[in-house]
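A.B. asks: I need the structure of the sequence given here:
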Amino acid sequence: MPDGSDAVSVKVVSKISKLNPAEWDECAGSNLPDGNPSICYAFLHALEESQSVRAETGWQPQHLVVENASGKLIGAVPMYLKSHSMGEYVFDYGWANAYERAGGQYYPKLQASIPFTPVTGPRLLVPPGNGSHTTKATLVAAMIEWTTRNDLSSLHVTFPSKADSDYLEEADFMIRHAHQYHWHNRSYKNFDDFLDSLNSRKRKMIRKERRKVTEANIKIQCLSGDNLTSTAWDAFYQFYTDTYDRKWGYPYLTREFFEIVSHSMPEQIVLIMAYTEGIPIAGALNLKGGNSLFGRNWGCVADYKFLHFETCYYSAIEYAINHGLARVEAGTQGPHKLQRGYEPVQTRSAHWIPNRSFRQAVAQFLEQERAEESREMLYLENETPYRQDMGNS
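C.D. replies: Residues are numbered from 1 along each chain as shown. Have a look, this model is predicted:
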């Protein structure tokens, strides 16, 4: 192990508050230059402290931890006992229906993920150095043992890093492929420099869409740090709840969640707000990592043409350019993102199923799905709006 000791203990904790924040972040690498804010202690603690994540919402925290002989955290997995499949962004409803038609009970299942957050990042949280491979092996074995001991239908690791996905595949997990849309900063000097990399038709389209928003007397502000006031959060939460009420029935995040992250990680929040005559009408919540911006939630209370594109995509790109960020991750869905400079990027999930016959059925499904996904990615990569002389690498 990192301290030279072979004596470790493995346990599951029901609250992240039982763990040392600095030790968690050291394992997660969230303080590194390329750190991912969604895996940091502050974000996960805010989800629990705000009651957004709890057994009653179908997300019961069951974090797996490994401690050395001195009691220091040297490995962890953010885990949840799930009573449904909502808020995961990797859809297994068909699996659940098939399993239960065959007489099984699909829920609860075990989920290693960041709730409501389809952001790729580490899931086997181990600090680099001597002993990291051994600790990862301990974590994986413990996840499987916990699944079988509690007679659960399945174990799912969603949006793991490629390194973790490869490791899990070697451990006999089944790998699922999907894709998202990310914008890549090719050392652009400003937004016009980015537009110059696009073909003429798309360049004109984006300029027209941004102009329409400006002509509607809409002003955009990017709020972070001390500018994240309760007034701004009140407005954004109205946008957020109204949008979720219309689309999904109820919002995942409580109002308190936003207040907590505003104080615990203010510099890692970028709230892009739209105003008309000083009145807030729309907003997009982003997480800011060491070199990336992660688009998360959007909402509005007024319907203006192209406002969604401006708030969620164009202003995010402009912010990334101005702050020297390497990419903007805009999440799942969307040919509309592709046409606005966001490019397809493969994502992964890893699945372990104890039942042999069900596992074989899922494996066959995944083989077909991966082939379809490969064809889809090839098509999308050829449909990006970048000029041919610019390339898309």
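
A.B. asks: with adjacent residues omitted, what lies nearest to the residue most central in space within the chain?
C.D. replies: With distances taken as C-alpha atoms, centre = their mean, the residue of the chain nearest its centroid is V119 (2.1 Å). If the residues on either side of it in the chain are set aside, V119 comes closest to S38, at 4.7 Å by C-beta to C-beta, 6 or more residues apart in numbering. All C-beta atoms are positioned from the backbone trio N, CA, C, and that covers glycine.

A.B. asks: check Y275 too.
C.D. replies: Nearest residue to Y275, sequence neighbours excluded (C-beta to C-beta, 6+ apart): K219, at 4.8 Å.

A.B. asks: got the CA positions of the helix or strand containing that neighbour in PDB?
C.D. replies: Assigning secondary structure by DSSP states H and E places K219 in strand 218-223. Written as PDB, here are the backbone C-alpha positions of strand 218-223 (Å, rounded to 0.1, in the frame of the first residue of the first chain):
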ATOM      1  CA  ILE A 218     -31.000  39.900 -23.900                       C
ATOM      2  CA  LYS A 219     -27.900  40.300 -21.900                       C
ATOM      3  CA  ILE A 220     -25.700  37.400 -20.700                       C
ATOM      4  CA  GLN A 221     -23.700  37.300 -17.500                       C
ATOM      5  CA  CYS A 222     -21.400  34.600 -16.200                       C
ATOM      6  CA  LEU A 223     -21.500  34.400 -12.500                       C
END
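
A.B. asks: can you dump the C-alpha coordinates of the next helix or strand after that strand into CSV?
C.D. replies: Next along the chain after strand 218-223, taking DSSP H and E as the criterion, comes helix 230-247. Extracted C-alpha coordinates of helix 230-247, given in CSV (Å, rounded to 0.1, in the frame of the first residue of the first chain):
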residue,chain,number,x,y,z
SER,A,230,-29.0,34.0,-3.3
THR,A,231,-31.0,36.2,-5.6
ALA,A,232,-29.3,34.6,-8.7
TRP,A,233,-29.9,31.1,-7.3
ASP,A,234,-33.6,31.8,-6.5
ALA,A,235,-34.0,32.8,-10.2
PHE,A,236,-32.1,29.9,-11.5
TYR,A,237,-34.0,27.4,-9.3
GLN,A,238,-37.3,28.7,-10.7
PHE,A,239,-35.9,28.1,-14.2
TYR,A,240,-34.7,24.6,-13.2
THR,A,241,-37.8,23.4,-11.5
ASP,A,242,-40.1,24.8,-14.3
THR,A,243,-38.2,23.0,-16.9
TYR,A,244,-38.0,19.7,-15.0
ASP,A,245,-41.7,19.9,-14.1
ARG,A,246,-42.5,20.1,-17.8
LYS,A,247,-40.1,17.4,-19.0
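
A.B. asks: the very next helix or strand once past helix 230-247: which residues count as buried?
C.D. replies: Where DSSP H and E defines the elements, the next helix or strand beyond helix 230-247 is helix 255-264. Going by neighbour count (16 or more other C-beta atoms under 10 Å), the buried part of helix 255-264 is R255, F257, F258, E259, I260, V261, S262, S264.

A.B. asks: in space, what's closest to the fifth one - neighbours in sequence excluded?
C.D. replies: Spatial nearest neighbour of I260, chain neighbours left out: A46 (4.1 Å); criterion: C-beta to C-beta, 6+ apart.

A.B. asks: double-check the one you found against R255; I have them as touching.
C.D. replies: No - applying C-beta atoms under 8 Å, one finds A46 not in contact with R255, separated by 12.0 Å.

A.B. asks: and the longest helix for this structure?
C.D. replies: helix 356-381 (DSSP state H).

A.B. asks: show the average pLDDT along that one.
C.D. replies: Average pLDDT, helix 356-381: 97.

A.B. asks: centre of the chain to it, how far?
C.D. replies: Taking C-alpha atoms, centre = their mean, to the nearest Å, one finds helix 356-381 lying 22 Å from the centre of the chain it belongs to.

A.B. asks: can you check stretch 154-164 too?
C.D. replies: That offset, for stretch 154-164, works out to 12 Å (C-alpha atoms, centre = their mean).

A.B. asks: give me the contact list for that stretch.
C.D. replies: For stretch 154-164, contacts defined as C-beta atoms under 8 Å, 6 or more residues apart in numbering pick out 88-90, 92, 95, 106, 109-114, 117-124, 143-144, 147, 165, 168, 173, 347-354.

A.B. asks: quick one: low-confidence residue ranges for the stretch 1-150 of the chain.
C.D. replies: 1-6 (pLDDT under 70).

A.B. asks: over to the stretch 251-393 of the chain?
C.D. replies: Looking along the stretch 251-393 of the chain with the criterion set at pLDDT under 70, you get 390-393.

A.B. asks: may I have the helix or strand containing A46 as PDB, with CA atoms only?
C.D. replies: Assigned by DSSP H and E, A46 falls within helix 41-49. Presented in PDB, the C-alpha positions along helix 41-49 are these (Å, rounded to 0.1, in the frame of the first residue of the first chain):
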ATOM      1  CA  TYR A  41     -16.000  15.700  -1.700                       C
ATOM      2  CA  ALA A  42     -17.700  19.100  -1.700                       C
ATOM      3  CA  PHE A  43     -20.000  18.200  -4.600                       C
ATOM      4  CA  LEU A  44     -21.000  14.700  -3.300                       C
ATOM      5  CA  HIS A  45     -21.400  16.100   0.200                       C
ATOM      6  CA  ALA A  46     -23.800  18.800  -1.100                       C
ATOM      7  CA  LEU A  47     -25.900  16.200  -2.800                       C
ATOM      8  CA  GLU A  48     -26.300  14.400   0.500                       C
ATOM      9  CA  GLU A  49     -26.500  17.400   2.800                       C
END
